[in-house]
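>>> using only what follows, build the 3D model:
(chains A and B)
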Amino acid sequence: MNNAVEAQGLVKRYGSTTALGGIDLEVPTGTVIGVLGPNGAGKTTAVRILTTLTDPDEGHATVAGFDVGTHGHEVRRRIGLAAQDATVDPLLTGRENLVMLGELHQLRRRDAVARAAELLDAFSLGDAADRRTSGYSGGMRRRLDLAATLVGRPEVLFLDEPTTGLDPRGRSELWTVIDTLVGTGTTVMLTTQYLEEAERLADDIILIDHGRIIARGDARKLKRQVGGDQVSVVVVEPAHLAEATRIIASITGSEPNVDAGARSVTAPTTLGVETLVLAAKEFTEAQIAVDDMSLRQPTLDEVFLTLTGSTADDAEESK
Amino acid sequence: MTALTIPEQTVTSGGPQASRGMLHDMWVIARRGLVHMKRQPEALSDATIQPIMFVLLFAYVFGGAIDVPGEGNYREFLMGGIFAQTIVFTAFGVAMSLAHDRKNQAVDRFRALPIARGAVLGGHAIANLFKALLPIVLMSLCGLAIGWRIHDGLVHAALGYLLLIGFAFAMIWVGVLLGSVVATPEGVQGIAFAIMFPITFMASTFVPTESMPPFLRTVADWNPVTTLANSARELFGNPTTAAGPNDPWSIAHPITYSIIWIVAIIAVCAPLAVRAYQRSVAK
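Got it, this is the predicted structure:
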């Protein structure tokens, strides 16, 4: 089996809303795929179909070699799912949660108890193991939730927005955990709204918007799709912004982004370092004082902007 | 958290385990339900405090003003009614647990596990059947304390309890249906108050139906809550309505009529409930 997840033409509609408009996926075994998109893009719907929680209206998919529609039970024996909100049982202790899930993964009670202890230790929850999870912090709940997905030793892990709602520290902690999981060869499909997170964790990224895949590839390839590097100039005097914009536009041949508050002008360029040489010359001739001038790779935010016409954040706010 | 290291064997896939069967899965989920009840005593109030409160309120506050058929003692008449009312409320507890499961996304977690089909509903049913036993025991003790007695022998009394438990089992499916159609715990609570509460009052629960105006009396006479209460009274040897020549068939044969309702509720509600549940979770 070369692909842990394969899907062709997945379509899902809710009433008149099309949550997924025909999605194809191939996730090679042992890799991490990051599904990146704003709220409502269809990420969760895709995960729900692949984890047998809902049937697609069209298309079909296999996970760990089994068809999700016809062999759902076989799929469920081989996957772990961490849903969007950590779904640990608040009235049970951390240990009881894991033992129960172990038993439901068909382990003997003795084995389930041993497995729970092993996972609690591995996820640094040993001290809190016998407290009810309602008293856990958000980060602890997420860690328990991740531990819970591993109880059945899954071949394919689905993590639906695993760090949403965590503070930056909790997020970086969880990234370390996910890194470790990935290092051991488990196939992981993770959804996220955070561009940084997809770049950090995933081998391959799928950009999804309004139920359709709008781009795929590794972070480097996606960034190239935007059209090369970004040149950015910060002027000292706000009065010079218009002139600076004209200069950058004439050098790059593209429409610059102007941020009046930051006094910055940004535009994509295909000229590389030559852009900076030309710009330095023109600004000197025009006697415009410059605070900063730089050439850099585009961020994934800019990729999103270019491909969808809105940033990931905008799309989320407009919801 | 400092550099978290997860040992390789903790993660690597060991291949799926063989299934241990539906009863095993149901029991694991039922055990969770029982732990929930133990740790959330406030959610048990409909099965503990409420029936005892009704026993005491009606026995001491209204009891003196209500005439009992024959020469009976109102407290003895009352117990059958409150048994019946409490059993009907079993539906409410099931619906609440299902609604909470959905709200906490526990439903999805279970559905992504390799468990037998129907194990989640079965587990809830078992847990709630245990929950239904609790008020029966508590109220029996409370009743004994205020003067209620079993007069008709242990066999009849056992049949009485069995009938109550059978009705509780039927009400569990009403609860599954309710919990599947109504999405939130708040909605379940609203329906319980708007529909189930009046139904349990339009019956011989607290007063004999003879005292009701004709239309209401007809409704009450055919209300299975009436016949369940009257069956319990009859089987426990407590004062009950003696069927007159003009009384409907339901009043003349309360036990048979109640059993017909149990069978009918299960036959109609269980398939509907399972389908409604499956539709409600598969979104």
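>>> residues contacting the residue in the stretch 151-283 of chain B positioned nearest to chain A?
Residue nearest to chain A within the stretch 151-283 of chain B (C-beta to the nearest C-beta): residue B:282, separated by 5.5 Å. C-beta: built from backbone N, CA, C; applies to glycine. Residue B:282 sits next to A:53-55 when contact means C-beta atoms under 8 Å, 6 or more residues apart in numbering or on different chains.
>>> of these, which is the most crowded?
Counting neighbours by other C-beta atoms under 10 Å in any protein chain shown, residue A:53 comes out on top of the contacts of residue B:282 with 23 neighbours.
>>> can you give me the pLDDT of that residue?
At residue A:53, the model reports a pLDDT of 91.
>>> so who does it touch?
B:108, B:111-112, B:282.
>>> with residue B:118 instead?
Here residue B:118 is in contact with B:22, B:26, B:274 (C-beta under 8 Å, 6+ apart).
>>> go on, residue A:224?
Residues near residue A:224 by C-beta under 8 Å, 6+ apart: none.
>>> and it, how far from chain B?
From residue A:224 across to chain B, the span is 34 Å (C-beta to the nearest C-beta, to the nearest Å).
>>> secondary structure element for the spatially closest residue to residue B:212 that is not a sequence neighbour?
Using C-beta to C-beta, 6 or more residues apart in numbering or on different chains and skipping the chain neighbours, the partner closest in space to residue B:212 is residue B:220 (5.8 Å). Per DSSP states H and E: residue B:220 is located in helix B:214-222.
>>> Three-state assignment for the closest residue to residue A:207 other than its chain neighbours, please.
What sits nearest to residue A:207 in space, not counting adjacent residues and going by C-beta to C-beta, 6+ apart, is residue A:215, at 4.3 Å. Judged by DSSP: H, G, I helix; E, B strand; the rest coil, the three-state class of residue A:215 is strand.
>>> burial of residue B:113, as a residue count?
Neighbours of residue B:113 under the rule other C-beta under 10 Å: 23.
>>> residue contacts, it?
A:76, A:101, A:104-105, A:152.
>>> and it, its phi and psi?
With angles defined as degrees, to the nearest 10, residue B:113 sits at phi -100, psi 160.
>>> can you map out the strands along the stretch 151-283 of chain B?
Applying DSSP state E, counting those that start in this stretch to the stretch 151-283 of chain B gives no strands.
>>> per-residue confidence for residue 253?
As the question left the chain open, I've gone with chain A. 85.
>>> wrong one, chain B
For residue B:253, pLDDT reads 91.
>>> right, and residue B:262 touches residue B:166 too?
Yes - Residue B:262 is within contact range of residue B:166, at 5.0 Å (criterion: C-beta atoms under 8 Å).
>>> what parts of the stretch 101-250 of chain B come near chain A?
Residues of the stretch 101-250 of chain B lying near chain A by C-beta under 8 Å from any C-beta of the partner chain: B:104-106, B:108-115.
>>> and the furthest pair within these?
The two members of those with the most space between them (C-beta to C-beta) are B:104 and B:114, at 20.9 Å.
>>> who has more neighbours out of the two?
Comparing residue B:104 with residue B:114 by other C-beta under 10 Å, the one with more neighbours is residue B:114, at 20 against 17.
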